[in-house]
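Enquirer: got a predicted structure plus its sequence, pasted below:
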Amino acid sequence: MTRRGRQGLVAWLFALPFVIVFGVFMLVPLVSSFVMSFTDFTSRDMVSPLAIEFVGLDQYAALFSNPQFVRSMVNTAYFVVVGIPLTMIVALALALALNSGIDRFRTTFRVGFYTPVVTSIVAVAVVWRFMLQSDGLLNTVLGWVGISGPDWLNSTTWAMPAMILMAAWRNMGTLMIIFLAGLQTIPAEFKEAASVDGANLWQRFTQITLPLLRPTLLLGAVLLSVGYLQFFEEPFVMTQGGPLDSTLSVSYFTYNQFGFGLYGYASAASYVLFVAIALLSLVQFRALRAKD
Amino acid sequence: MTGSEDTAGPVDRRGKAEPEGERRPSVEGAASRGRLVTYAVLVVAVAATLMPFVWMVLGSFKSQGEILRNPSGFLPQDPTGENYSTWFTDLNIESFFINSLIVALFTVLGNLLFCSMVGYALAKMDFPGKRFLFLLVMVTLMVPGVVTFVPLFVMISRLGLVNTHAALFLPFLAAPLGVFLMRQFMLGIPDALLEAARIDGAGEFRIFLGIVLPLCGPPLATLGILTFLTSWNNFLWPLVAAQSEERYTLPVALSLFSTGQNATDYGLLLAGSVLVITPIIALFVILQRFFIQSVAATGIK
């Protein structure tokens, strides 16, 4: 055997354990989910798989004529469109503050802002439900400044903002670290030169920091949108999708269909989400590359 | 915009006209005032961020009666450890802890081994199908969890693995992100180092174990930490795959208690929450430097 051929064989041996696990638990499910989305597979067919029939695009047609699925798409869009800018602005503000030349307690602050990221959603959901009660901590604090807060989780208007607030709290730490790393690549001389030329703080931010940080910001937006489009855990542990489906997301809808045993239907819904994520990522990567 | 430029201009010119010695203190004074404001904002922000945790700990020492009487009271009036003792005596939290630990350890070991091996092949060897394999791994980074969820469950049931530890960690043994991390780092290892060993007659497995892995401390630490964290907090899959109490992980147990008949027993649930997050927060505070590096590493590269 040639040296090249031998190396190819050895390389595949190195890749083999990963390829087996990845193939069995990722690629096979990925393909079978795609195939299932064109069938009428339900949990009853587990014992008699021969009864499964191909139904073409029927599942997809059924999805888009289901008002509950359409509602879940609108909810997911709401969560993404409000949640991403909010999380990014908060994370950027924190990163700028930590990068503004303060030297003491930087680590303490970083650890503090990052702590929500490492904690289990189930555990923090307990305390958030408690704080968001109509007579809970949040409304008590709002009361100090004369605002009478709503019964957050039982209001069709306010349950979603509460989910968004919680998601921003849980995700701002990750973005803050990424933005901080991006800010540290901007040479200090740029800002010094600008301030010698008489640029004020706001001008330096909009005309130097933001353009130079653009690739980092877009990367943050991509990471966040892949996560936020799959929005599931917050409503699952806080509201069970309610009240009246006001926090039901596409992932949650899919999970429910799986629970009902409608496997073909659930697969179709999950592929709609996959396509949405792939399209949005593609658009964002294009924007990222265009500016490089 | 023009207005602010006008005001900034004259101030700067005046500053330049003045002798150096007089100008400095005022500039430094302004800078330190700005710094004080920054500190004040940061302290308020970090206090708000950590408030849920403070609230969680304080609430866990309150009795059910006190919580119902005064849901927004701050300090426990009559602190009690009863909530914690219930978790240890009646609810058997140790067994959930052990399940979480078993699953996390297998997941971490699998990822460290499999991802570094395939990472080495992708970074340092030529083989047919290499570009395709890497592309495939990258594409699956975007696959939402619910897509593979249904077939995975069907597969695990067919294999007769429902309600075993293996069902909880098998699907997570080789994460695409880990392959990406290991490959990126290994690309930076100089080829000359490996060529020298090859000329000396060392086989690829010896080079991998003796030269490459010892250099891979940082990405292995990153991967280990991220994987442990994800596994420890993983919730949806174990909720479906673990179907009896002896297989529950900590988040599953807490979630089932908090939606069942104990849904309003906040003191007990808050104590449970404290017990679930304490190990990971302790680990985070000890290893915070690596945690933060690991996020920066996945984000920037």
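Expert: Structure received.
Enquirer: show me the helices in the stretch 151-292 of chain A, by range?
Expert: A:159-183, A:188-196, A:201-204, A:210-229, A:233-238, A:250-259, A:263-291 (DSSP state H, counting those that start in this stretch).
Enquirer: longest helix of the chain?
Expert: Went with chain A since none was named. For chain A, the helix that runs over the most residues, judged by DSSP state H, is helix A:67-98.
Enquirer: meant chain B actually
Expert: Chain B, longest helix under DSSP H: helix B:20-60.
Enquirer: what is the next helix or strand after that helix packed up against?
Expert: Following helix B:20-60 in sequence order, the next helix or strand is helix B:64-69 (DSSP states H and E). Taking 3 or more CB pairs under 8 Å, 6 or more residues apart in numbering or on different chains; DSSP states H and E as contact, the helices and strands that helix B:64-69 lies on are helix B:266-286. Using the backbone N, CA and C atoms, a C-beta is placed for each residue, glycine as well.
Enquirer: can you pull the contacts of B:Pro76?
Expert: With contacts defined as CB atoms under 8 Å, 6 or more residues apart in numbering or on different chains, B:Pro76 is in contact with B:58-59, B:61-62, B:66.
Enquirer: right, and A:Ser43 touches A:Ala266 too?
Expert: No. The criterion here is CB atoms under 8 Å, and A:Ser43 misses it with A:Ala266 at 10.3 Å.
Enquirer: who has more neighbours, those two?
Expert: A count of neighbours by other CB atoms under 10 Å in any protein chain shown puts A:Ala266 above the other of A:Ser43 and A:Ala266, at 28 against 15.
Enquirer: measure that one to B:Val150 for me?
Expert: The gap separating A:Ala266 from B:Val150 is 5 Å, by CB to CB, to the nearest Å.
Enquirer: now do the shared contacts for these two.
Expert: With CB under 8 Å, 6+ apart as the test, A:Ala266 and B:Val150 both reach A:Phe258.
Enquirer: off-centre distance for the longest helix of chain B?
Expert: Centroid separation for helix B:20-60 versus its chain: 27 Å, with CA atoms, centre = their mean, to the nearest Å.
Enquirer: what sits closest to B:Gln243 if chain neighbours are left out?
Expert: Nearest residue to B:Gln243, sequence neighbours excluded (CB to CB, 6 or more residues apart in numbering or on different chains): B:Asn163, at 4.6 Å.
Enquirer: next up, the contacts around B:Gly59.
Expert: With CB under 8 Å, 6+ apart, B:Gly59 has these contacts: A:127, A:130, B:67, B:76, B:266-267, B:270.
Enquirer: A:Gly8 too?
Expert: The neighbours of A:Gly8, taking CB under 8 Å, 6+ apart as the test, are B:125-128.
Enquirer: any idea of the mean pLDDT in stretch B:91-103?
Expert: Here stretch B:91-103 scores 89 as its mean pLDDT.
Enquirer: any chance of the contacts of B:Pro76 in JSON lines, plus pLDDT?
Expert: Listed next are these as JSON lines, based on pLDDT from 0 to 100:
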{"residue": "B:Leu58", "pLDDT": "87"}
{"residue": "B:Gly59", "pLDDT": "84"}
{"residue": "B:Phe61", "pLDDT": "87"}
{"residue": "B:Lys62", "pLDDT": "84"}
{"residue": "B:Glu66", "pLDDT": "80"}
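Enquirer: ok, of the contacts of B:Gly59, which one's closest to B:Pro190?
Expert: For the contacts of B:Gly59, the residue nearest B:Pro190 by CB to CB is A:Val127; the value is 50.1 Å.
Enquirer: ok, that closest one touching B:Gly272?
Expert: No. Applying CB under 8 Å as the test, A:Val127 and B:Gly272 come out as separate, 10.8 Å apart.
Enquirer: more neighbours: which of those two?
Expert: Set side by side, A:Val127 and B:Gly272 show more neighbours around B:Gly272, with 30 against 27, by other CB under 10 Å.
Enquirer: can you tell me how far the more buried one is from chain A?
Expert: To chain A, B:Gly272 is 7 Å away according to CB to the nearest CB, to the nearest Å.
Enquirer: chain neighbours aside, what residue packs nearest to that residue?
Expert: In space, B:Gly272 is closest to B:Leu254, 4.9 Å off (CB to CB, 6+ apart).
Enquirer: check B:Ser63 too.
Expert: Nearest non-adjacent residue to B:Ser63 (CB to CB, 6+ apart): B:Thr80, at 5.2 Å.
Enquirer: right, and that neighbour touches B:Gln64 too?
Expert: No. Contact criterion CB under 8 Å: B:Thr80 and B:Gln64 do not qualify, at 9.7 Å.
Enquirer: picking that back up, pretty sure the residue nearest to B:Gln243 contacts B:Pro238?
Expert: No. Contact criterion CB under 8 Å: B:Asn163 and B:Pro238 do not qualify, at 10.7 Å.
Enquirer: which single one of the contacts of B:Gly59 is nearest to B:Gly224?
Expert: A:Val127 (28.5 Å).
Enquirer: mind checking pLDDT for that closest one?
Expert: As summarised for this prediction, A:Val127 has a pLDDT of 86.
Enquirer: mind giving me the domain ranges of chain B?
Expert: B:2-60, B:93-300 (automatic domain parsing).
Enquirer: mean neighbour count, those: which tops it?
Expert: Most buried of those, by mean neighbour count (mean count of other CB atoms under 10 Å in any protein chain shown): domain B:93-300, with a mean of 19.
Enquirer: mind checking how far that domain is from the chain centre?
Expert: For domain B:93-300, the distance to the chain centre is 10 Å (CA atoms, centre = their mean).
Enquirer: repeat for stretch A:24-37
Expert: Its chain's C-alpha centre and that of stretch A:24-37 lie 22 Å apart, by CA atoms, centre = their mean.
Enquirer: not counting that stretch itself, show me its contacts.
Expert: A:59-60, A:263-264, A:267-268, A:270-271, B:136, B:140, B:143, B:147-152, B:154-155, B:170-174, B:176.
Enquirer: then stretch B:237-244?
Expert: B:99, B:103, B:145, B:149, B:152-153, B:156, B:162-163, B:167-168, B:171-172, B:248-249, B:251-252, B:255.
Enquirer: and what of stretch A:88-96?
Expert: Contacts for stretch A:88-96 (CB under 8 Å, 6+ apart): A:113, A:168, A:171-176, A:179-180, A:182-183, A:205, A:209, A:217, A:220-221, A:224, B:42, B:45.
Enquirer: in that stretch, what's buried?
Expert: Buried residues in stretch A:88-96, defined by neighbour count with 16 or more other CB atoms under 10 Å in any protein chain shown: A:88, A:90-92, A:94-96.
Enquirer: one more: stretch A:35-53?
Expert: Buried residues in stretch A:35-53 (16+ other CB under 10 Å): A:36-42, A:45, A:52.
Enquirer: next: stretch A:124-136.
Expert: The neighbour-count criterion (16+ other CB under 10 Å) identifies A:124-133, A:136 as the buried residues of stretch A:124-136.
Enquirer: take those residues and write them to CSV, including secondary structure.
Expert: Shown next, in CSV, are those (DSSP: H, G, I helix; E, B strand; the rest coil):
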residue, secondary structure
A:Val124, helix
A:Ala125, helix
A:Val126, helix
A:Val127, helix
A:Trp128, helix
A:Arg129, helix
A:Phe130, helix
A:Met131, helix
A:Leu132, coil
A:Gln133, coil
A:Gly136, coil
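Enquirer: perfect, I'm done here.
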